[in-house]
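Here is the input, now give the coordinates:
(one chain, ligands or ions: 1)
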Amino acid sequence: MLEKVEKAFDPEEFIEEFEGLTRDAGRVQNETLKKILEENQGTEYLQKWGLNGKYDPKSFAELVPIVTHKDLEPYIRRIVDGDGSPILTGKPIKSITLSSGTTQGKPKFVPFNDDLVESTMQIYKTSFSFRNREYPIRSGKALQFIYSSKQFMTSGGLPAGTATTNVYRSSQYKKTMKAMQTPYCSPDEVIFGPDFHQSLYCHLLCGLISRDDIQVVSSTFAHSIVHAFRTFEQVWEELCNDIRVGVLSSRITVPSIRTAMSKLLKPNPDLAAIIHEKCSRLSNWYGLIPALFPNAKYIYGIMTGSMEHYLIKLRHYAEDLPLLSADYGSSEGWIGANVTPNLPPELATFAVLPNIGYFEFIPLSQNLNNLSDEGSDSTFIMLEPKPVGLSEVKIGEEYEILVTNFAGLYRYRLGDVVKVMGFHNSTPNLQFVCRRNLLLTINIDKNTERDLQLSVESAAKLLAAEKIEVVDFTSRVDLTTDPGHYVIYWEISGEANDDILRECCNCLDKSFVDAGYMSARKVNAIGALELRVLRRGTFHEILENSVGMGCAVNQFKTPRCVGAGNCRVLQILSNNVVKNYFSTAY
Ligand code: AMP
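Numbering: from 1, shown residues only. Here you go, the predicted model:
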């Protein structure tokens, strides 16, 4: 793999390779499992389960248990503390990833190694190759809103950072971006700067300076793109001024960023005038992205799952520019590539790469009883789930996904629910459904992140008629009242009157169509849904809080359901409520 990265990258050749891998995905999966187990047979963890050279899927499933992060924590903790013996992997783990910890409100440690970098590059190149068939790009640049998180040393002296940071720091990342003819337009000092506000300002500035070269506008998750252009609305005149006079705003105080930017920034009154004129002509910033970057071919980032909410705003900024949804993975490793980029983001699927890990699927019908609102780690399996292999999944079924990877995770519950939409050759095309544990439930009701998203979408249409947006949202169950009830938090973009908000509140309540919820509401076993409106900037505060705890802005995902253990976010929410309404829908 390493050698391949050095070779000139030919997208068609890459597609051929992918087709070969997926034609006999079942066989590739078995070989991948064998390879993982052979490489790591001597580890303390696998020795404990007595595989004794049995590397077939059946023995693996019989002997090695299904685990959550909590089960592996004692092993990972020893690695973090500097125990270099073969605990989870044969080769020593040299760095650690911090997962974003959206669910629990605190990041989790996960082992990281070069195999994960390689599979990341394989995924990037696979989806790029398919994208490039539909939307070819000429040599140009990418405006990528990417930010590294703080890296620190663990107690055992291992560098730790978020997965994206570990990837950006790898030499392969830059090479891959170059090979894909879209080197990013910002200097490394901006990406690795210590203050993301300053980095964001400079990303925008770099994009504007390279305006005509920008072919792609992207970030890991769509949230960062929307956040960037919302910020642009605030700072655009200052950006124009910097370009006009060729001097960086005094808001940038980090010396390394100032030095790097001063090499790019030269007085350019013509460019400043063009940008100023383009912005002044826009109505409510509609079509901002193509106005700023006339040669951009598409906007790229993860737009599925909890990112779907930002599509409305993204479409507003993008006008007719295609929105292409990116691949599916996690800090624990990648899973699938989007090889049908022309599907709208709402329908995006991910073809599982059968050689980057070994994947098992627990049918969700078996699993519903194990759902909980408070994090997968606190629930352990009541029924013994019977996962199926990648070739045994059925179209239309939903599954919880289990990952076995090259970095020390074996039969690991990722916590995601996916739906099989079809097959690419013989590998499944998965649609992301929701996080398994983000759930509103009081008694017999069960509403997932997806149900919440749909309910908010319906109610937000009432506000949209008033030209007001739901900037962001979250929820929780309040059990301090009797009966308990759902609380939905909204940050909205303008002043809405009480009548409209009351209507929104009723609409939210009525839009949860889960039979358990509706029947419990009718008999008042669940109380009236409450809509709490938040002060502007509340979700920014939540983002800042998350970044303060080590999350990278790139990986930030607004928690859609806040568990009782996530005290800091609950505090921020409760400090910022300006109005509340109770539903009268039942
Ligand atoms: P992190 O903790 O930052 O590693 O985030 C990983 C999680 O992000 C996954 O387990 C998913 O829940 C979510 N995620 C990653 N990729 C996608 C995608 N393409 N669509 C929806 N959700 C995704």
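
Can you tell me the SS state at the nearest residue to residue 584 once chain neighbours are set aside?
For residue 584, ignoring the flanking residues on the chain, the nearest one in space by Cβ to Cβ, 6 or more residues apart in numbering is residue 506 at 6.2 Å. Every C-beta, even on glycine, is put in place using the N, C-alpha and C of the backbone. Following DSSP: H, G, I helix; E, B strand; the rest coil, we place residue 506 in the helix state.

from memory residue 506 sits against residue 531, does it?
No - taking Cβ atoms under 8 Å as the definition, residue 506 is not a contact partner of residue 531, at 9.1 Å.

Need the residues touching each of these two.
residue 583 (Cβ atoms under 8 Å, 6 or more residues apart in numbering).

These two: which is more packed in?
residue 531 (24 against 21; other Cβ atoms under 10 Å).

quick one: that one from the ligand, how far?
26 Å (Cβ to the nearest ligand atom, to the nearest Å).

Next, that residue: secondary structure please.
strand.

Quick one: residues contacting it.
488, 490, 501, 504-505, 508, 580-581, 583.

repeat that with 6 Å
Counting by Cβ atoms under 6 Å, 6 or more residues apart in numbering, residue 531 touches 488, 505, 581.

and which of these is nearest to the ligand?
Among the contacts of residue 531, residue 488 lies closest to the ligand (Cβ to the nearest ligand atom), at 20.7 Å.

can I assume that closest one is in contact with residue 508?
Yes - between residue 488 and residue 508 a contact is recorded at 5.5 Å, counting by Cβ atoms under 6 Å.

To what extent is residue 417 buried, counted in neighbours?
When neighbours are defined as other Cβ under 10 Å, residue 417 has 26 of them.

quick one: low-confidence ranges for this protein?
The chain contains residues with pLDDT under 70 at 1-7, 100-106, 366-383.

Helix or strand for residue 133, just tell me which one.
Using DSSP states H and E, residue 133 falls within helix 114-134.

Summarise which helices and strands that helix is packed against.
Judged by 3 or more Cβ pairs under 6 Å, 6 or more residues apart in numbering; DSSP states H and E, helix 114-134 is in contact with helix 11-23, helix 171-179, strand 333-337.

List every C-alpha atom in the longest one, with coordinates, as CSV.
Backbone C-alpha positions of helix 11-23 (Å, rounded to 0.1, in the frame of the first residue of the first chain) are rendered in CSV as follows:
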residue,chain,number,x,y,z
PRO,A,11,-8.3,6.9,-10.9
GLU,A,12,-9.4,4.4,-13.5
GLU,A,13,-6.8,1.9,-12.2
PHE,A,14,-8.0,2.5,-8.7
ILE,A,15,-11.6,1.8,-9.7
GLU,A,16,-10.5,-1.4,-11.4
GLU,A,17,-8.8,-2.5,-8.2
PHE,A,18,-11.9,-1.6,-6.2
GLU,A,19,-14.1,-3.6,-8.6
GLY,A,20,-11.8,-6.6,-8.1
LEU,A,21,-12.0,-6.3,-4.3
THR,A,22,-15.8,-6.1,-4.2
ARG,A,23,-16.5,-8.8,-6.8
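
Pull out the buried residues from that helix.
11, 14-15, 17-18, 21-22 (16 or more other Cβ atoms under 10 Å).

Report the entries of those residues that also contact the ligand.
Among those, no residue is within reach of the ligand (Cβ under 6 Å from any ligand atom).

Share the number of residues neighbouring residue 261, please.
The number of residues packed around residue 261, counting by other Cβ under 10 Å, is 24.

Could I get the phi/psi values of the closest residue to residue 558 other than its chain neighbours?
Excluding its sequence neighbours, the residue lying closest to residue 558 (Cβ to Cβ, 6+ apart) is residue 472, at 5.4 Å. The phi/psi pair for residue 472 (degrees, to the nearest 10) reads phi -160, psi 170.

Check residue 444 too.
According to degrees, to the nearest 10, residue 444 has phi -90, psi 0.

for residue 423, same thing?
Dihedral pair for residue 423: phi -130, psi 150, per degrees, to the nearest 10.

any idea how far residue 22 is from it?
Separation of residue 423 from residue 22 (Cβ to Cβ, to the nearest Å) stands at 9 Å.

What of residue 303?
Counting by Cβ to Cβ, the gap from residue 303 to residue 22 is 23 Å.

contacting residues around the residue of the stretch 201-350 of the chain found nearest the ligand?
As assessed by Cβ to the nearest ligand atom, the ligand sits closest to residue 305 within the stretch 201-350 of the chain, at 2.7 Å. Counting by Cβ under 6 Å, 6+ apart, residue 305 makes contact with residue 432.

Can you get me a residue count around residue 114?
For residue 114, the neighbour count with other Cβ under 10 Å is 16.

Also residue 34?
If you count neighbours by other Cβ under 10 Å, residue 34 ends up with 15.

What values do phi and psi take at it?
phi -60, psi -40.

What's the separation between it and residue 185?
Using Cβ to Cβ, residue 34 is found at 43 Å from residue 185.

helices or strands next to the helix or strand encompassing residue 572 in the packing?
Using DSSP H and E, residue 572 sits within helix 567-575. For helix 567-575, the packing partners by 3+ Cβ pairs under 6 Å, 6+ apart come out as helix 538-548.

Show me how far the helix it packs on is from its chain's centre.
Computed by Cα atoms, centre = their mean, to the nearest Å, the chain-centroid distance of helix 538-548 equals 16 Å.

Please save the CA atoms from that helix in CSV.
In CSV, the C-alpha atoms belonging to helix 538-548 read as follows (Å, rounded to 0.1, in the frame of the first residue of the first chain):
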residue,chain,number,x,y,z
THR,A,538,-25.5,28.7,22.2
PHE,A,539,-24.4,26.0,19.8
HIS,A,540,-21.2,27.8,19.2
GLU,A,541,-20.6,27.7,22.9
ILE,A,542,-21.2,23.9,22.8
LEU,A,543,-18.7,23.6,20.0
GLU,A,544,-16.2,25.7,21.9
ASN,A,545,-16.7,23.5,25.0
SER,A,546,-16.1,20.4,22.9
VAL,A,547,-13.0,21.8,21.3
GLY,A,548,-11.8,22.8,24.8
